[in-house]
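Colleague: Using only what follows, build the 3D model:
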Amino acid sequence: EALKNGGWSPAEVAGLRKVYELFKYAEPLYKKFQPLWQCSPDDTDQLAALSGAYLKRLASCRAELSAGQRLVVPLGMRLESGNRTQVVLLLEKKATGRYRFIFICPSLVGLAYHEASAAEHPKLKYRAAMEI
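Modeller: Alright, predicted model coming up:
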């Protein structure tokens, strides 16, 4: 009601609810992911502990999803060049035991590994998301 009184249309309120639902579980996942992302790959004990905590949080968030709900999952990769890049996984629960995965690479570092098109020369268009 407060949003409606603030000039928001019913469609805008519905859109905001969808965004809220999408990011409802993202914050606790990001809180577990950041120390893991910053951990040295040489510190195997710390890496194992942080990975375990992150995966436990991810499993609990996934278990709370209902059919049709989505979860934003932060991931990261170390590339052959030594660079790191963050990747986002959008996990959508279709039905019990069935999910749709969308991998999104928001980083310029990772684009070298993606399909590209020069159909609109001189612009290169990268395919920075993949659905499974």
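
Colleague: In the chain, which residue is most central in space?
Modeller: V88 (2.9 Å; C-alpha atoms, centre = their mean).

Colleague: Show the contacting residues for the residue nearest to that residue when sequence neighbours are not counted.
Modeller: Of all residues beyond its chain neighbours, the one nearest V88 is I104 (4.4 Å), with distances taken as C-beta to C-beta, 6 or more residues apart in numbering. Yep, even glycine has a C-beta here, placed from its N, CA and C like the rest. By C-beta atoms under 8 Å, 6 or more residues apart in numbering, the residues touching I104 are V87, V88, L89, L90, A128, A129.

Colleague: repeat that with 10 Å
Modeller: Listed by C-beta atoms under 10 Å, 6 or more residues apart in numbering, the contact set of I104 reads V72, L75, Q86, V87, V88, L89, L90, G110, A128, A129, M130, E131.

Colleague: Next, give me the two most distant ones among those residues.
Modeller: The distance between the two most remote of the contacts of I104 (C-beta to C-beta) is 18.8 Å, for Q86 and E131.
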